[in-house]
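S.K.: Make a model of this:
(4 chains)
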Number of protein chains: 2
Amino acid sequence: MNDTFKALSDPTRRQIIQLLKERDLSAGEIADHFTISKPSISHHLAILKNAKLVRDERQGQSIIYSLNATVIQEALGWFLGMMGTKGDEQP
Amino acid sequence: MNDTFKALSDPTRRQIIQLLKERDLSAGEIADHFTISKPSISHHLAILKNAKLVRDERQGQSIIYSLNATVIQEALGWFLGMMGTKGDEQP
DNA sequence: TTGATATTTAGATAAACATCTAAATACAGA
DNA sequence: TCTGTATTTAGATGTTTATCTAAATATCAA
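M.R.: Residues are numbered from 1 along each chain as shown, chains lettered A, B, ... in the order given. The predicted structure follows:
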């Protein structure tokens, strides 16, 4: 779960997640939304992939990235449990 | 909001939040839960404080740390919005 | 197979970060 | 006011991280 938080600690990567919330995108399409170089975006994608927050699938020349809904939900739940304030536990 | 995620990207700091979920603690009591030095813990506390995730209040010789419930709730909401998967938006 | 497009890998660099020890500050009690 | 306790600040160090350019790999189309 540490990988998840590390992955989310970078603003570019969070923005990538938000983009993928709209629709699946190729690596190049993702890179087009940023000013940093394609290799840098590729690196960020690798980190997101390693954290299993996104999946990739080759489609011809392109590689299409998509959110891994399952792991996103898991992260959401974990975050809720971690951050939930004192009064939240109901026995 | 970037400060929030940066603050949460470190396992020690997440553990501190979990400790403070139980009850308010002095800096020293917090440090006792870890093997790293007190100055290091102090540094982590400063980062959490800067992100407004915790508050501090001097009480005699000690400084008591507590969760800032408001900001925690905000962070929770922001995270939910950020991570929420595609189907989540209901018009 | 050759050429063009899409993406990643390699290698380098500078900035940010976690950690330490030693010293400074703040407070309480005698 | 002196002493002891609690905490933070300063300064140093090694590691991790984000970024870049150049080169490698993979796929498609002619």
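S.K.: okay, now residue A:61: neighbour count?
M.R.: 7 (other Cβ atoms under 10 Å in any protein chain shown). Any C-beta I mention is one placed from the backbone N, CA and C, and that applies to glycine too.
S.K.: err, residue A:71, not the other one
M.R.: 15.
S.K.: That one - nearest residue in space that isn't next to it in sequence?
M.R.: By the measure of Cβ to Cβ, 6 or more residues apart in numbering or on different chains, the closest residue to residue A:71 outside its immediate chain neighbours is residue A:52, 4.6 Å from it.
S.K.: From residue A:35, how far out is the one you found?
M.R.: 27 Å (Cβ to Cβ, to the nearest Å).
S.K.: how about the residues of chain A near DNA strand D?
M.R.: A:6, A:9-10, A:12, A:35-37, A:39-40, A:43-44, A:47, A:58, A:60-61 (Cβ under 7 Å from any atom of the strand).
S.K.: let's go with 6 Å and repeat that
M.R.: A:6, A:10, A:12, A:36-37, A:39-40, A:43, A:58, A:60-61 (Cβ under 6 Å from any atom of the strand).
S.K.: can you redo those residues as JSON lines with secondary structure?
M.R.: Below are the residues of chain A next to DNA strand D laid out as JSON lines (DSSP: H, G, I helix; E, B strand; the rest coil):
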{"residue": "A:6", "secondary structure": "helix"}
{"residue": "A:10", "secondary structure": "coil"}
{"residue": "A:12", "secondary structure": "helix"}
{"residue": "A:36", "secondary structure": "coil"}
{"residue": "A:37", "secondary structure": "coil"}
{"residue": "A:39", "secondary structure": "helix"}
{"residue": "A:40", "secondary structure": "helix"}
{"residue": "A:43", "secondary structure": "helix"}
{"residue": "A:58", "secondary structure": "strand"}
{"residue": "A:60", "secondary structure": "coil"}
{"residue": "A:61", "secondary structure": "coil"}
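S.K.: Selecting buried members of these in ChimeraX, what would you type?
M.R.: The buried residues among those can be selected in ChimeraX (16 or more other Cβ atoms under 10 Å in any protein chain shown) with this line:
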select /A:6,10
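S.K.: okay if I get the residues of chain A next to DNA strand D as TSV plus pLDDT and distance to chain B?
M.R.: Output for the residues of chain A next to DNA strand D, formatted as TSV (pLDDT from 0 to 100; distance: Cβ to the nearest Cβ, whole Å):
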residue	pLDDT	distance to chain B
A:6	96	6
A:10	98	8
A:12	98	11
A:36	98	16
A:37	98	21
A:39	98	23
A:40	98	18
A:43	98	17
A:58	98	22
A:60	97	24
A:61	97	25
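S.K.: In the residues of chain A next to DNA strand D, find the pair that's most separated.
M.R.: Largest separation among those by Cβ to Cβ: A:6 and A:60, giving 31.8 Å.
S.K.: Verify the stated contact: residue A:21 with residue B:81.
M.R.: No - in this structure, residue A:21 is not within contact of residue B:81 by Cβ atoms under 8 Å, at 9.8 Å.
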